[in-house]
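Engineer: Sequence plus the predicted model coming up.
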There are 2 protein chains.
Amino acid sequence: MTDQATVTDDRAGEDYGLSHEMLQAVEDALDAYNLQGVEKLVVPLHSADMADLLEQLHPDDRRTVVGIIRPHLIEDAEVLTYLDEDVRDQVMELLAPEEIATALAELDSDDALGVIEDMEDEDREKVLEALPTAARVFVEEGLNFPEYSAGRLMQREVVAVPMFWTVGKTIDWLRETEDLPDDFYMIFAVDPMYRPIGSLHLARILRSKRPVKVRSIVSEDVRTIPAEMDQEEVAFLFRQYSMVSAPVVDKSGRLLGVITVDDIVDVIDEEAEDDLLKLGGVREDDLYRAVVDTTRSRFSWLGVNLITAIVASLVIAIFQGTIDQIVALAVLMPIVASMGGNAGTQSLTVAVRGLAMRELTPDTAPRVLWKEVLVGCLNGLIFAVIAGPIAALWFGDWMIGVVIGSAMIITLLAAGFSGTVIPLVLERLKVDPAVASGVFLTTVTDVIGFFAFLGLAAWILI
Amino acid sequence: MTDQATVTDDRAGEDYGLSHEMLQAVEDALDAYNLQGVEKLVVPLHSADMADLLEQLHPDDRRTVVGIIRPHLIEDAEVLTYLDEDVRDQVMELLAPEEIATALAELDSDDALGVIEDMEDEDREKVLEALPTAARVFVEEGLNFPEYSAGRLMQREVVAVPMFWTVGKTIDWLRETEDLPDDFYMIFAVDPMYRPIGSLHLARILRSKRPVKVRSIVSEDVRTIPAEMDQEEVAFLFRQYSMVSAPVVDKSGRLLGVITVDDIVDVIDEEAEDDLLKLGGVREDDLYRAVVDTTRSRFSWLGVNLITAIVASLVIAIFQGTIDQIVALAVLMPIVASMGGNAGTQSLTVAVRGLAMRELTPDTAPRVLWKEVLVGCLNGLIFAVIAGPIAALWFGDWMIGVVIGSAMIITLLAAGFSGTVIPLVLERLKVDPAVASGVFLTTVTDVIGFFAFLGLAAWILI
């Protein structure tokens, strides 16, 4: 955990964060080659705001600023932890491995690990070599845990006492021991094998008399987290049980470290971002990425979409003859497909969110599916009543209204069904439903939409 | 803050949360009319798991279970705080206002407020009347703050001491005072006007000697939060500065309460859900909502989509004559529109997320926009090269390839541009970009896609 915001500027009540004026002032100073002015502006900023500033500057300006504040960066490496990964890479390229190591040695073990794990293998080796032994051991041990696991997330600095100590002894020990974490919110009671068997809020210690035994005030309902647990699982636990901190243990149950709720905030942010971006057909946040890399990462999704669009076109091609006779069909068919796609996306979004929040489970799935089909059916009926007459009046043919209305009902019903079933099936197949659902869904709704509309038209109108 | 998970079952290492077996066992006991069995299964559950159970049961079963565990529900109201709003309404309907009041009186002020603020006005009045005076005052004061404000979020129970106290006096006072919150992580130092002027980690107190003055160990960089501040703003602050807790103050700067990072977890979840659902065209999480209500809430977005789809159709109608001559155009035109829609959604998703994370600002907008246009242009070129030959071979006409290729470039370029500009403009107009962007975007990409493709076809092919 980091300390409560250490803020050097005084703008309470105003807009927080990096101000537009500050960014402007730095850019002006850069344009005027006033390097000392830049330093005076940038160095007093909170690390988080400094990170924002570096992110928002043009890459050339960023390089200049990093050059100017280099000694400060090495001294206060927290800036690095706040930087977006792409920008951090660029900043770290400007520093020597020894400088990075000096900087990281000052950070908490989890923060240092967070920076090092994102580095290229070669750079990582160099930095690891330059780290002081104690920090290197922590980081190397951390790297042995799988990516996105509790072991990567936890802070190694943890405070533990034996059950038989008294409050007085605990307080004396806390006062005398130099090498404790800066902040901690919970003390763990451990058995002789160093396994956590109880947790103790600091408030509980403060409010108990000195002769009271740790054993008698400890809370024994400790939910330990295996170091291999996936971070999404950890986040689920913290949310599910409104936890504030939890001990991380190795396979034999020994206390390794602690995860606190503020670490979980980042995980939740990442998870939410992941789902949002994947549903939008983007691999990862690429706001600061170069044009070519962005183009490449978006290409794959668009490529898949091209294939599905061609599949939908093949359906239209079947009915080319029908369209040739009634060109009005070409005008109206995108309406049906578009409504199907949107209704399906609604069901899909609710299902993907439900899966992420573990509210959509095999137990609730039948009920949710039935409901989505009913909703699709109802909205299909409503929009049949609306779109039917519009189409009929537009082309002066009541049967066209009947065709588009019936196609609307079929498509929206299918959209509700497939919008729910597709993510469920993907989840069962261990494919991330957020990333792949959209492709399948639009293929299904397009194919069914075009097929229903043009098929009914061929059958009824010709 | 709630205490660390109090878990009564022992399934460490296994799947956490409510198990499928438990749900099944409860349903079996219900089917066998074994009410005592249901009670034995349900009552020992953690409140969070009990809430999940109630959510996942069929509404009829839910009613039965609430009837069975009613005395427990009143004693341990925490279950209510974990319930989804729709399900909570149904559960609370089964309880008398006095029972709800008794239950809520046991909760922390912020949790009680969280339940009461969601109630209908009439029910709320009844419950408020039945609350003990102290709790009622806190809740009523809370209700006076705007919805989704810091005042609604904060916990009123807060620990504050004067600057001139010593560590010893503080500890003695903490030990002797009965009426303190269950858990707290930070003590605030206040001036004679009760304005927070410093914050004190409990660890700091524990590790200092008794004669040390609060003044000398306090951290004076306190970022106070005005009670009227919007909760999204509060969440931004906590994330930006990795804060753990912050004092909430009234207009004259007096300490009113405290917000801790675990309250922020819920806000972040809500925010993320909001953006995700709105981009998917859903108003709010409706997994547990009735069919008719869900149909109604989704209707409006589909209605807007119908209008935009008709606008796109009007563009096609302009070129009816062209399609009549070359029916292949009807087959190919959805491909262009679909690619435009998807590429636009990619840009849109990144922009909406960037706005939410405050990374896309007026300062960075020009750079981001320029990049998105370039990415659109590049991917347009690539897909022109891919789709052009496919279309040409399919319909045996090289000029059709040229037409679809050129239309692809124009559409993807426009998609990158509008996917970024639309949310920026909406944000400037104070309209939530997540909810409205999609409608405008697909209209723009459809219209441009159809216009470019059919227009070029009319010009080149005929």
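Structural biologist: Nice, I can see it.

Engineer: now the strands: where do they sit in the stretch 351-462 of chain A?
Structural biologist: Along the stretch 351-462 of chain A, no stretch is classed among the strands by DSSP state E, counting those that start in this stretch.

Engineer: cool, the stretch 51-200 of chain A as well?
Structural biologist: All strands of the stretch 51-200 of chain A, identified by DSSP E, counting those that start in this stretch, fall at A:160-162, A:186-190, A:196-201.

Engineer: so which of those comes closest to chain B?
Structural biologist: strand A:196-201 (5.4 Å; CB to the nearest CB). For glycine as for every other residue, the C-beta is placed from the backbone atoms N, C-alpha and C.

Engineer: Tabulate the strands of the stretch 51-200 of chain A (a markdown table), appending mean pLDDT.
Structural biologist: Converted to a markdown table, those look like this (pLDDT from 0 to 100):
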| stretch | mean pLDDT |
| --- | --- |
| strand A:160-162 | 94 |
| strand A:186-190 | 92 |
| strand A:196-201 | 91 |
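
Engineer: Now that we have those, can you turn them into TSV and tack on distance to A:D121 and mean neighbour count?
Structural biologist: Formatted as TSV, the entries for the strands of the stretch 51-200 of chain A read as follows, by distance: least, CB to CB, whole Å; neighbours: other CB atoms under 10 Å in any protein chain shown:
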stretch	distance to A:D121	mean neighbour count
strand A:160-162	34	17
strand A:186-190	35	23
strand A:196-201	34	22
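
Engineer: Next, the residue of the stretch 151-300 of chain A found nearest chain B: phi, psi?
Structural biologist: When CB to the nearest CB is the measure, the stretch 151-300 of chain A has its nearest residue to chain B at A:G280, with 2.7 Å between them. Summarising the backbone geometry of A:G280 under the convention degrees, to the nearest 10, its torsions are phi -80, psi 0.

Engineer: For chain A, give me the ranges with low pLDDT.
Structural biologist: Low-confidence regions of chain A, defined here as pLDDT under 70, cover residues A:1-15, A:284-285.

Engineer: Would you mind giving the domain segments of it?
Structural biologist: As assigned by automatic domain parsing, chain A contains the domains A:20-148, A:160-261, A:291-460.

Engineer: How far does the longest one stretch from one end to the other?
Structural biologist: The first residue of domain A:291-460 is 51 Å away from its last residue (CA to CA, to the nearest Å).

Engineer: Measure how far it is from the centre of its chain, please.
Structural biologist: 28 Å (CA atoms, centre = their mean, to the nearest Å).

Engineer: Repeat that for stretch A:244-256.
Structural biologist: Between the mean C-alpha location of stretch A:244-256 and the chain-wide mean there is a distance of 24 Å, by CA atoms, centre = their mean.

Engineer: likewise stretch A:140-151?
Structural biologist: In terms of CA atoms, centre = their mean, the centre of stretch A:140-151 is set 18 Å apart from its chain centre.

Engineer: For the stretch 301-450 of chain A, which residue gets nearest to chain B?
Structural biologist: For the stretch 301-450 of chain A, the nearest residue to chain B under the criterion CB to the nearest CB is A:T349, separated by 2.7 Å.

Engineer: wouldn't that residue be in contact with A:L276 here?
Structural biologist: No - counting by CB atoms under 8 Å, A:T349 sits too far from A:L276 to count as a contact (10.0 Å).

Engineer: which residues do these two both contact?
Structural biologist: Taking CB atoms under 8 Å, 6 or more residues apart in numbering or on different chains as the contact rule, A:T349 and A:L276 both touch B:276, B:279.

Engineer: Mind putting the strands of the stretch 51-200 of chain A into TSV with distance to chain B?
Structural biologist: Output for the strands of the stretch 51-200 of chain A, formatted as TSV (distance: least, CB to the nearest CB, whole Å):
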stretch	distance to chain B
strand A:160-162	12
strand A:186-190	7
strand A:196-201	5
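
Engineer: Is it possible to get JSON lines of those that adds distance to A:D108?
Structural biologist: Formatted as JSON lines, these follow (distance: least, CB to CB, whole Å):
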{"stretch": "strand A:160-162", "distance to A:D108": "17"}
{"stretch": "strand A:186-190", "distance to A:D108": "16"}
{"stretch": "strand A:196-201", "distance to A:D108": "20"}
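
Engineer: Perfect, I'm done here.
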